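Novice: Would you be able to build a 3D model of this:
(chains A and B)
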2 protein chains.
Amino acid sequence: MRVLVTGAGGYIGATLLTMLSKEMLIGDERIDALAAVDRQLPSLKAGVVGISGDLGSDATHSQIREFRPDFVFHLAAIPGGAAEEDYDAGRRVNLDTSLDLFEVLAESARAGGKAPVVVYASTVAVYGISLPDLVTPQTVLRPPISYGAHKLACEILLADFSRRGWLDGRSVRLPGIVARPRSPSGLVSAFMSDLLHALAAGESFTCPVGPAATAWWMSAHRCAQNLIHAAVMDVSSASSGRAWPLPVLRLSIDEVVQTLAHMYGANRKDLVRYEPKESVEAVFGRYPKLDDAESRALGLRDDESPKALVQRALGSLTD
Amino acid sequence: MRVLVTGAGGYIGATLLTMLSKEMLIGDERIDALAAVDRQLPSLKAGVVGISGDLGSDATHSQIREFRPDFVFHLAAIPGGAAEEDYDAGRRVNLDTSLDLFEVLAESARAGGKAPVVVYASTVAVYGISLPDLVTPQTVLRPPISYGAHKLACEILLADFSRRGWLDGRSVRLPGIVARPRSPSGLVSAFMSDLLHALAAGESFTCPVGPAATAWWMSAHRCAQNLIHAAVMDVSSASSGRAWPLPVLRLSIDEVVQTLAHMYGANRKDLVRYEPKESVEAVFGRYPKLDDAESRALGLRDDESPKALVQRALGSLTD
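Specialist: Numbers count the residues shown, from 1 in each chain, chains lettered A, B, ... in the order given. Sure, this is the predicted structure:
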């Protein structure tokens, strides 16, 4: 099997690439060739094909065509906060470039060949704010930022390609993924990662949401495992079309702080100062319960416990 | 007020343009200037500005900028059947050209000016097939053709422009509109119009769905009235975001045939021969009930009765 990862220089992309290049398996299938696409690539393991360039360029498209992937993980994106600041860049990367990529990948099946599997990293930002107490597959989707609107449009377009038999698309909606590096990421949700890093290191942390603020959490490690599973899971009997939320741990900030205090020492609690901002709370502080039964039935998984979440997020648990 | 209509050479566009140029009112506001855009324009009333060209071209964009519309009715599209045959043309016109138009129209507000009102002609093809017994605002949208997928993507993008305050968007989902001219239109639903024309003229008709097949019906005249109303209705308290189905008459083919027989003579019933095709029935023959309460509350209207539908559709009722 030939496997391609876009956005391989990003946090989740690099985590996924490391996992794929270590196991060289996708489900039960052996990976014969692995390619990584990004403008700036991390140092690659021997044998991994690097496609360094703009994903939207003709040159990159040609290299992707030549690679002939059977499985594609499409992670390349401008993050939510940055895309909200720069509409034009967000449209280009998060909408046009994704759709152009789908069209390049669809050429094989349109010419009578096999449709590649495309795992698309969508986002829980498709849901919106002012959500009901339980988010279900029937919840009306009303993205509150352009990032979510463009990702939702791509979900719909990927489902249309799948209906046509040109791609075998699987959109998975990613929650807040931890623990990203502490550099500025353009993600408003970066505070979730920064909280973990700060308290683990024994540093003070100013939290832009209150202790009762609830969010949906997942470690990058578990996220990468889910992306790989999404590529091979049997979706033939799934009722939710071609898009699923990843199962999540719904935790309040206080629950996460308590977990960190339990792991690193009770004094860690005193390191947190709360300065809730309404704009951040509205988008990242009021996530309700999520009915993810269908996702779980397909074999997608959460991190199991707050402690395991923190351990995987900070690298001390690698399963 | 300055009003612009795209797709003004099409069936609904021409009906709307005629209505606007006759009344020169949009709600209570006087129309000071009226522009019509299409590749081929109908003969225009004196005073109507014709912008003849490809809606996606820079030249047309420049003319639209110069016209500075306060209200835009965006009807230009490649119809469902044609867009399904020619994916690339459908993507270009139904997705890219629409989004590019939204961006051109958004320039004013992005530069600190007023956001134009954009009434977008979406489609009931966003809903999909295998619908529940009652379609509600919570019904999951799963477009069964690329036309519906691209229109749904544009609904989402227009809502995002509205959220940003760059446009004041109102997407209305059009049902089967009758009675289109009998020339090939690229619409699979053209049989709904052909049935009316044939029986009114006393000609035989082969129906591609059975007598019990149900569809959502609206006359072009009532559709144009609804589009104008959509431009001025107060959406500030609407709960369904920025998209609404037009209220419809849900009628079986047999109810329509009975209505025509009542109006034109009982023998008209014998003119219909049923040759149901599963592919047509699946998309246009099983429309369930529609919960259009919110649309009605906003002042959008159906044709009131099957008889009035036929009369408006065939031009004998102009109210």
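
Novice: Name the helix or strand for the closest residue to chain B within the stretch 1-150 of chain A, please.
Specialist: Here the residue of the stretch 1-150 of chain A nearest chain B is residue A:149; by Cβ to the nearest Cβ that distance is 3.9 Å. From N, CA and C alone the C-beta is placed, and that goes for glycine too. Residue A:149 belongs to helix A:146-163 when assigned by DSSP states H and E.

Novice: Output the contacting helices and strands for that helix.
Specialist: On a contact count with 3 or more Cβ pairs under 8 Å, 6 or more residues apart in numbering or on different chains; DSSP states H and E, helix A:146-163 meets helix A:80-85, helix A:87-90, helix A:98-110, strand A:117-123, strand A:168-174, helix B:146-163.

Novice: mean confidence for it?
Specialist: For helix A:146-163, mean pLDDT rounds to 97.

Novice: how distant is it from the center of its chain?
Specialist: 15 Å (Cα atoms, centre = their mean, to the nearest Å).

Novice: so residue A:303 sits in a strand?
Specialist: No - using DSSP: H, G, I helix; E, B strand; the rest coil, the assignment for residue A:303 is coil, not a strand.

Novice: what's the weakest-modelled helix or strand in chain A?
Specialist: Lowest by mean pLDDT, DSSP states H and E among the helices and strands of chain A is helix A:278-284, with a mean of 86.

Novice: Which secondary structure elements does that helix sit against?
Specialist: Packing partners of helix A:278-284 (3+ Cβ pairs under 8 Å, 6+ apart): helix A:190-201.

Novice: Up against chain B, what does the stretch 101-250 of chain A have?
Specialist: A:103, A:137-140, A:142-144, A:146, A:149-150, A:152-153, A:156-157, A:159-160, A:163-164, A:240-241 (Cβ under 8 Å from any Cβ of the partner chain).

Novice: hmm, 7 Å instead?
Specialist: A:137-138, A:140, A:142-143, A:146, A:149, A:152-153, A:156-157, A:160, A:241 (Cβ under 7 Å from any Cβ of the partner chain).

Novice: Out of those residues, who's the most crowded?
Specialist: residue A:149 (30 neighbours; other Cβ atoms under 10 Å in any protein chain shown).

Novice: angle of the helix holding residue A:149 against helix A:98-110?
Specialist: Helix A:146-163 and helix A:98-110 are oriented at 10 degrees to each other (axes from the mean of the first three to the mean of the last three Cα atoms, to 10 degrees).

Novice: which residues are contacting helix A:146-163?
Specialist: A:80, A:83-84, A:87, A:90-91, A:94-95, A:98-99, A:102, A:106, A:118, A:120, A:122-123, A:125-126, A:141, A:143, A:167-169, A:171, A:241-243, B:143, B:146, B:149, B:152-153, B:156-157, B:160 (Cβ atoms under 7 Å, 6 or more residues apart in numbering or on different chains).

Novice: Same check on stretch A:310-319?
Specialist: A:178-179, A:196, A:200, A:219-222, A:259-260, A:263, A:303, A:308.

Novice: Please determine how far the nearest residue to residue A:161 once chain neighbours are set aside is located from chain B.
Specialist: Spatial nearest neighbour of residue A:161, chain neighbours left out: residue A:167 (4.2 Å); criterion: Cβ to Cβ, 6 or more residues apart in numbering or on different chains. Using Cβ to the nearest Cβ, to the nearest Å, residue A:167 is found at 12 Å from chain B.

Novice: Run through the residues that contact the closest residue to residue A:248 other than its chain neighbours.
Specialist: In this structure, residue A:248 finds its nearest non-sequential neighbour in residue A:216, 3.7 Å apart by Cβ to Cβ, 6+ apart. Residues in contact with residue A:216 (Cβ under 7 Å, 6+ apart) are A:124, A:175-176, A:248, A:250, A:287, A:290.

Novice: same thing with residue A:129?
Specialist: Residue A:129 touches A:144, A:282-283, counting by Cβ under 7 Å, 6+ apart.

Novice: which of the residues you listed has the most neighbours?
Specialist: The most crowded member of the contacts of residue A:129, judged by other Cβ under 10 Å, is residue A:283 (21 neighbours).

Novice: correct me, but that one touches residue A:144?
Specialist: Yes - with contact defined as Cβ atoms under 7 Å, residue A:283 reaches residue A:144; the gap is 6.1 Å.

Novice: Output the below-cut-off pLDDT ranges for chain A.
Specialist: Residue ranges of chain A with pLDDT under 70: A:240.

Novice: Domain parsing of it, as residue ranges.
Specialist: The record's domain split for chain A, according to automatic domain parsing, is A:2-177+A:217-245, A:179-216+A:250-288+A:305-313.
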